[in-house]
Structure formats: C-alpha cells, structure tokens
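Visitor: need a structure here:
(4 chains)
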2 protein chains.
Amino acid sequence: MQLRMTSQREVILKELRKSCSHPTADELYDLVKKTLPRISLATVYRNLEILSEAGIISKIEVSGRQKRYDAVTEPHHHIFCVKCHRIDNLDGYRSEIDLQEIIACEDYLVTGYRLNITGICPECEKLEKRQEKVQVS
Amino acid sequence: MQLRMTSQREVILKELRKSCSHPTADELYDLVKKTLPRISLATVYRNLEILSEAGIISKIEVSGRQKRYDAVTEPHHHIFCVKCHRIDNLDGYRSEIDLQEIIACEDYLVTGYRLNITGICPECEKLEKRQEKVQVS
DNA sequence: CTCCGTGCAAACGATTTGCACTATG
DNA sequence: CATAGTGCAAATCGTTTGCACGGAG
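Guide: Take a look at the predicted model:
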C-alpha cells in the first residue's frame, strides 16, 4: 500500500510543520479548515496516523489525554505542563543528559520527570517475527 | 475535605501495591472485583484520582490511550512498548542519566526516547497565584 | 448525625470505522 | 481504471458525572 499525496494530506503536513506547539488533531483540524473548509476531522486523524506510521511525523502520547503531533522526528526532549497540558521543547539534545542543567534553564516549576524510552518488548518482538514468517509463506 | 478509609479504597491500594505492571483502571477493577464483587468501575476511577491527587500513588503520564497507575511515587524511569503499551521499570535511578548505559541493559529493541519533565508552566503559575489571592480575600 | 464515598446509568470527549463516493497515480 | 483516500454519521472506548443511597468517623 503506497502513499498518495492528496491536497488534504499536503495541507495537514504544511500546517503541522508551521506550528511549533505540538498541536492536537482538532487544533490541526481548525487550522486546515481555513484552507480546506470541507475537510473532515476523521481525515485529519487518518492522515496523522498514516504519516506517523510512515515516520514522516511523530505522535506524542500522553496517557489518557489527547494525542499531540510533532513535525520533528529527530529525538528531542519535552517538558509539559500538568495543569494546561501544553508541551514545550527543551533546547538541544544530548545523549548524556544532565538533569540539573536542563531543569535549571527552564521557566517551569518542575514537579517531576520520567525518562521514557520507547521500544518493542521481547514478547512483541517474538510476535512480530512470527507474523513476518506467516506473510512470507 | 479529608480522606476516609473505605474497604474499596483499601483493596484498590493493596492491589496496586501488589502489582508491578503499572495497571490500568480496568485491569485494577478486575483484580479488585475478586475481593469486592459489587464494586463499580467508577469507584476505581474516583479512588485512583483521589489517591494520586493526595500523592499516595502516581499517574503515569506517558503511554497509550489508557491511563496507568503506579504505587511508587519516588521518581524513577520507565521503558514502554510501542506495540502492546506495557510499561516496565528501569532499575535504579540516577540524576545523571547515561542513556547508552540504560539502553544497553534492557531486553527491549529500543526505538527512541523522550525525557519528560513535568511541571507547571509560567502561565499556569501566574494563574494559580491569582486564584490563591481570591481564596484568601 | 454529617458528609464523604458508593453503585448505577447516563453523559461525555477523543478517536475509529463502515459506507458510498472521489480522485490520485 | 484500480484502489488509496475522503466526508459523513454512527459506533466505540476510556473516563467522568448526577443522583439517591450507604457507611465511616
């Protein structure tokens, strides 16, 4: 299944790239509607899913809340507000993270931190390999 | 408004402490039902909210669609599976995080990482101070 | 005896999906 | 012209809430 570049997809991608606020699907929907008034929210959701699946954009998953999207796929760090749920970038990135240093240079009142490494757990890895075999045979 | 210790709250807390898998509200609901078959899911949600508000447990801010909860409130790190959304702890914690070191010692196939610092943004901080003043006067 | 907590059902908000139609490659 | 993508509405999923009743302190 190959990707087609539709006007909807193009505008969604353009708006996401213009924005630096990690918008949610419906914020993006409002932006895109200015150019394409007849677009549906479902289309926005479908495209964001497809584009992040393809590695063109990235999804920021914060539990139980609205998903946010990011045009930047390179690894970088975020700081987010537990009250209003806005997400900001932390400038620069290093593989050796000095927490004190990062925390000190932000305007936020820091309440905690989590290092979230994402990956595929051993169980899912096994499962994936099994599925690949099925597709081949 | 002070907290009362009901049997429901007690069992929810006990089950969460027994579990090391960062359960979701409905996983916890299934566990608690074994002891209290008449409990409702809403009660589980209400208690998890109240307990994390009180700092007795913590809500995990990154994962899939469902919220996950953790009996451990001390800051520590997580690694989570982008496929099945399970969350595991990273042993120990250091303020100086050496990513390479952490990544190397896990069974996961690592796909990326985010440092999520939580806090209150300057706007919300201002807002909060204003509200405190109102309550006093 | 006060008022916090409960169970139930209904409401809600975010996201997904089935369908018939459209338009890209 | 095949088939990926669209708009719409309905469905779904996780979570929250209103209400009348129950029980902890």
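Visitor: rest of the way, CA atoms for contacts and neighbours
Guide: Fine.
Visitor: burial of residue A:123, as a residue count?
Guide: 12 (other Cα atoms under 10 Å in any protein chain shown).
Visitor: next one: the one 4 residues further on
Guide: If you count neighbours by other Cα under 10 Å, residue A:127 ends up with 10.
Visitor: any idea of the mean pLDDT for the host helix or strand of it?
Guide: Using DSSP states H and E, residue A:127 falls within helix A:122-136. On average, the pLDDT along helix A:122-136 is 65.
Visitor: hey, what's the residue nearest to the spatial centre of chain A bridged with?
Guide: In chain A, the centroid-proximal residue (Cα atoms, centre = their mean) is residue A:59; its distance is 2.0 Å. Beta-bridge partners of residue A:59, counted by DSSP bridges, are residue A:69.
Visitor: Residue ranges in chain A under the pLDDT threshold?
Guide: A:1, A:64, A:91-106, A:128-137 (pLDDT under 70).
Visitor: Name whatever forms a beta bridge with residue A:89.
Guide: Counting by DSSP bridges, residue A:89 is bridged to residue A:78.
Visitor: quick one, what contacts it?
Guide: Counting by Cα atoms under 8 Å, 6 or more residues apart in numbering or on different chains, residue A:89 makes contact with A:76-79.
Visitor: Contact residues of chain A facing chain B?
Guide: Counting by Cα under 8 Å from any Cα of the partner chain, the residues of chain A close to chain B are A:61-65, A:75-84, A:95-100, A:107-122, A:124-125.
Visitor: I'd like to know how many residues surround residue A:5.
Guide: Counted with other Cα under 10 Å, residue A:5 comes out at 7.
Visitor: ok, now residue A:117?
Guide: Applying other Cα under 10 Å, we find 23 residues neighbouring residue A:117.
Visitor: Need phi/psi at it.
Guide: Residue A:117 adopts backbone torsions of phi -90, psi 130, taken as degrees, to the nearest 10.
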